[in-house]
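**Student:** A predicted structure for the sequence below; I have some questions about it.
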Amino acid sequence: MSILRFFDIILSLLALIILLPLLLLVSIFIKFTSNGPILFVQQRVGKNNIDFGLFKFRTMHVDAHKKGSLTVGGRDKRITKLGYYLRKFKIDELPQLVNVLKGEMSLVGPRPELRKYVNYYTSEQKKVLNVLPGITDYASIYFRNENELLGTSDKPEDFYIQHVMPEKIRLNFLFIHNRSLSNYFKIIWLTAQSIVRKHGHKPSLNQKDQKAINI
């Protein structure tokens, strides 16, 4: 077992125990504020190009995902009133701690994509699939306000595929090529900072990392 996997297990298990009251409370609110299941399970592409079921708290109305894969703008009509706040503070991602315990994800790593978008990867970009996907990484921090960014485009899906996705992958490699315990904890800390700051997509990084992600 690697040191990063060790901390994945310890930290995710500890987080689930500590956050259990919050998880139960959110589950109750979801159940009583909109029709549908509490969790939304979506097929994503994981390590070695293998699909797995990614867990999220449901933030959209039932079958809303059939109207499009991307969430566009801050107030997408498909998102429930409660879902808006769950997304804003990244609470909807907490069930992925179970994915981490199962060994399908890490706390830190490239965000797992939908198969339809992975099909656009070049052979070089597919190297991000050599590691476990994660709940957060530099791309997640930088593109924290991705929904609003896509909302500025007339063709959000094309904009995502041609501009956002390649930049995300480039940022993915920033961690992949520097996988260390210090960077692992640094990204977790930067993610926490990004959630509580208004401009979460522009975290405080050292000069080397700022140059790498051009912020």
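**Tutor:** Yep, it's here.
**Student:** Helices along this structure, start to end?
**Tutor:** 3-18, 20-33, 81-88, 96-101, 115-118, 138-142, 146-150, 156-159, 165-176, 181-196, 207-213 (DSSP state H).
**Student:** If you average pLDDT over each of those helices, which is lowest?
**Tutor:** If you rank the helices of the chain by mean pLDDT, helix 207-213 sits at the bottom with a mean of 50.
**Student:** For the residue lying closest to residue 42 once chain neighbours are set aside, give me its contacts.
**Tutor:** Nearest residue to residue 42 in three dimensions, chain neighbours excluded: residue 54, at 5.2 Å (C-beta to C-beta, 6 or more residues apart in numbering). For glycine as for every other residue, the C-beta is placed from the backbone atoms N, C-alpha and C. By C-beta atoms under 8 Å, 6 or more residues apart in numbering, residue 54 lies in contact with 41, 42, 43, 44, 96, 99, 104, 105, 112.
**Student:** Which of the helices of the chain sits closest to residue 130?
**Tutor:** helix 165-176 (7.8 Å; C-beta to C-beta).
**Student:** Just want the angle from that closest one to helix 181-196.
**Tutor:** 130 degrees (axes from the mean of the first three to the mean of the last three C-alpha atoms, to 10 degrees).
**Student:** okay, now residue 168: neighbour count?
**Tutor:** Using other C-beta atoms under 10 Å, residue 168 has 23 other residues around it.
**Student:** Against residue 89, how distant is it?
**Tutor:** Distance, residue 168 to residue 89, using C-beta to C-beta, to the nearest Å: 21 Å.
**Student:** Also residue 19?
**Tutor:** On the measure of C-beta to C-beta, residue 19 and residue 89 end up 13 Å apart.
**Student:** Among those two, which residue is more densely surrounded?
**Tutor:** Between residue 19 and residue 89, residue 19 has the larger neighbour count (other C-beta under 10 Å), namely 15 against 10.
**Student:** doesn't residue 94 make contact with the more buried one?
**Tutor:** Yes. At 6.3 Å, residue 19 counts as touching residue 94 under the criterion of C-beta atoms under 8 Å.
**Student:** Out of the helices of the chain, which is the most enclosed?
**Tutor:** helix 138-142 (a mean of 25; mean count of other C-beta atoms under 10 Å).
**Student:** okay if I get the contacts of residue 54 as a markdown table plus distance to residue 83?
**Tutor:** Listed next are the contacts of residue 54 as a markdown table, based on distance: C-beta to C-beta, whole Å:
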| residue | distance to residue 83 |
| --- | --- |
| 41 | 16 |
| 42 | 14 |
| 43 | 20 |
| 44 | 19 |
| 96 | 16 |
| 99 | 20 |
| 104 | 23 |
| 105 | 22 |
| 112 | 20 |
